[in-house]
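> sequence unavailable; structure follows:
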């Protein structure tokens with residue numbers, strides 16, 4: 001989490017939350033406008049760039065070592081309730097940070113994969129979260145693999161998918177059957 005806190009120190013806590021919430025909202029709105037105006041290729045490129053950037057930032061913030069690799073014990077907290085607790089109460093800061101971190105990922109994934117069912121997009125984001133937590137355990141770098149993080153990340157990805165729905169950044173579903181031609185109009189005199 002220290003990488004997220006470093007970014008928060010640079011942006012300020014409110015600035016961090018504002019960025020991770022406004023970037024997907026603005027990006028999804030632009031992608032939605034491009035799709036509605038018929039610029040599908042531009043929308044697809046912007047969605048792919050947004051998704052790629054969200055993946056890179058998420059990986060950088062969650063897998064950057066806190067201590068040199070191999071110098072920290074492996075720690076896994078599989079009980080999400082225990083994992084969400086701090087010294088004396090729910091540790092809201094890391095929970096909110098993990099939710100916020102996955103909002104852009106969910107929004108841009110939904111925009112980048114417009115023909116995939118939303119549940120598949122969301123499950124792909126959850127799989128990325130599980131992969132990150134697994135790597136945090138397998139590579140002893142001072143991070144804690146935490147089931148509470150997976151739940152928070154899944155919630156953030158869900159909010160991101162909702163952002164994509166609200167901004168209509170997903171392409172409209174088209175029927176796989178070709179459109180049927182209309183029969184020619186018969187003038188009233190020939191009936």
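Looks like it came in fine. This is a predicted model, so every value here is computed, not measured.

> find the nearest non-adjacent residue to residue 24, please.
Residue nearest to residue 24 in three dimensions, not counting chain neighbours: residue 107, with 3.5 Å by C-beta to C-beta, 6 or more residues apart in numbering. Glycine gets a C-beta too; all of them are placed from N, C-alpha and C.

> now that neighbour: which helix or strand?
helix 92-112 (DSSP states H and E).

> quick one: mean pLDDT for that helix?
Helix 92-112 shows a mean pLDDT of 89 in the predicted model.

> do the same with stretch 169-186
Stretch 169-186 comes out at a mean pLDDT of 59.

> quick revisit: residue 138 versus the residue nearest to residue 24, what's the distance?
29 Å (C-beta to C-beta, to the nearest Å).

> ok, those two, which is more surrounded?
residue 107 (35 against 11; other C-beta atoms under 10 Å).

> enumerate every residue touching that one.
24-25, 27-28, 50, 54, 160-161, 163-164, 167, 169 (C-beta atoms under 8 Å, 6 or more residues apart in numbering).

> and the furthest pair within the residues you listed?
Taking C-beta to C-beta, the two most distant members of the contacts of residue 107 are 54 and 167; they sit 15.2 Å apart.

> neighbour count: the two, which is higher?
In this view residue 54 and residue 167 are compared by other C-beta under 10 Å, and residue 54 has more residues nearby, 27 against 21.
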